[in-house]
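J.: 3D, please:
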Amino acid sequence: MTVQEPVTIGLSDGAKEKLRRLADEKYFRQQVDAYRFAIGLALAQGVDPPEVHKSGTIFNIGSFDPDGAIKRSIQAIMGDRLNGIAVYKMAERLAEWGINELTSQAEAGQINFADLLEQAAGGTASAS
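T.: Residues are numbered from 1 along each chain as shown. The predicted structure follows:
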C-alpha cells in the first residue's frame, strides 16, 4: 500500500511563532533553514515525535525539498518507525519537536550549535 504524501507541510500555531522568532532573532537566515535544521536535530536525537495538530501550511514540498533529500533521509533513518505515516507528516512532527527544543535553548540564553553537532556526531557535549 502506497502512503499518500501531502503537498505542503506546516506546524502548530505555537511552533509557527517559535519558528518565526528563531529567524527574526538571527539564529537562522530563513525560517526554512530553521525548519530543516529542526528535522535534522530530531533525527539525530532519535526522538519519536508525537502527532502534530497543525493549523496551516508553511512550505510547499516542491520548494522545501526539491530534490527529495530530506524525504530520503527521514526514510533511511527512521525506516520501519515510520509505521505507515507519510514521510512529510513525520517531517512535520520532527520539525515541531526540533523547533521546540531549539526555542528552549534560545530562551535559556543561546543555542549552542557546536554542542548540538557534537551530540549528533556521537560525541559528548560539553556542559556549557
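J.: In the protein, which helix is the longest?
T.: Scanning the chain for the longest helix, with DSSP state H as the assignment, gives helix 87-107.
J.: Outside of it itself, list whatever touches it.
T.: Identification of contacts with helix 87-107 by Cβ atoms under 8 Å, 6 or more residues apart in numbering yields 3, 5-6, 9-12, 15, 18-19, 21-22, 25, 27, 34-35, 37-43, 45, 47, 49-52, 54, 61, 65, 70-71, 74-75, 78, 82, 111-112. In this view, the C-beta of every residue, glycine as well, is placed from N, C-alpha and C.
J.: What ranges in this structure fall below the confidence cut-off?
T.: For the chain, applying pLDDT under 70 flags the ranges 1, 123-128.
J.: So how do I select the buried members of the contacts of helix 87-107 in PyMOL?
T.: Selecting the buried subset of the contacts of helix 87-107 in PyMOL, with 16 or more other Cβ atoms under 10 Å as the burial test, is done by:
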select buried, resi 6+9+10+11+12+15+18+19+21+22+27+34+35+37+38+39+40+41+42+43+49+52+54+61+65+70+71+74+78+111
